[in-house]
Structures are given as structure tokens and as C-alpha cells.
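Peer 1: Need coordinates for the following:
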Amino acid sequence: MDEANRLRASVAFEIESELQRTWEHSESGEGYYWEYDLGRNALALSHQARLFFDCASARLAGLEKAVPVKASVNVLNGSEKDDPALREANLAMVHSAALAMAKELGCKGGGGLPAKLVVKEKAARTK
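Peer 2: Residues are numbered from 1 along each chain as shown. A predicted model of the protein is given here:
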């Protein structure tokens, strides 16, 4: 495969302030994303996914105060066309990464993330 056609995925995490919670709902992105019932919320496209969860951990603000966490996956040179299989693949990547981070941080209750991914759509993309 030549370099121009190679796909590269990157994973990033952001620990957000309680008031921040940016781009958490598809309305915030003006219906740009498909929205899924995963964690606190999950958004996906064919070339990216975002997963929001809360983490109460001694390594963060303590076991009694949950901190919002955003995990995201971006696929460079990914498809801009809507493809449910690619959306689900991106959700699988971001779910696995978020689970690993929740475990590493010691999030109470695993940050509310299911051990096994179940893809359940909440809202379709409107744009």
C-alpha cells in the first residue's frame, strides 16, 4: 500500500472541567455526528469517534467526585462518506481505549463503560 492510501488512527484523551463538556451532544455539533448510547455519550463518523464518560478516581478528584473524560479516535485519510461499518469500527477503537484509560485511572465502576461494546444508536446525523 502506498503512503497516500495508508490510514492512520490516533487516540487522544482530554480530562475536562465539570463545566466544559464540549461537543458532547450532536446538537453541539449541529447534527454533524451520529449519536450512540455508550458511556455518558458517544459520537461517531466514518473517520472519527468521541466517547464521553465520568471518572471518579483517587488519581483525579477523588472517589466521590466524577470528572468528565473525553476519548477520541481520528482516522487520517479516512472516508468522508457515511459508512455504518466504519462508524462502528471507530466506536470499537474508542471504546477499547476508554476502557483501558478507565482501568489505568482506577475509575469507580469502570467509568460507567460496559466491558463489551454494544452499539446502540441514539440519534442519526442530520447534516
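Peer 1: any chance you could map the helices in the protein?
Peer 2: For the chain, helices defined by DSSP state H occupy the ranges 84-105.
Peer 1: Run through the bridge partners of the residue nearest to the spatial centre of it.
Peer 2: In the chain, the residue lying closest to the centroid (Cα atoms, centre = their mean) is residue 51, at 1.9 Å. When bridges are called by DSSP bridges, residue 51 pairs up with residue 42, residue 71.
Peer 1: That one contacts residue 39, doesn't it?
Peer 2: Yes. Assessed by Cβ atoms under 8 Å, residue 51 is found in contact with residue 39 at 5.0 Å. For every residue, glycine as well, the C-beta is placed using N, CA and C.
Peer 1: Mind listing the shared neighbours of these two?
Peer 2: Here residue 51 and residue 39 have 98, 113 as joint contacts, going by Cβ atoms under 8 Å, 6 or more residues apart in numbering.
Peer 1: Distance of the residue nearest to the centre of the chain relative to residue 112?
Peer 2: Plainly put, residue 51 is 11 Å away from residue 112 if you go by Cβ to Cβ, to the nearest Å.
Peer 1: which residues do the two both contact?
Peer 2: residue 39.
Peer 1: show me where this structure has strands.
Peer 2: Secondary structure of the chain by DSSP state E: the strands cover 8-15, 34-36, 41-45, 48-57, 62-76, 121-123.
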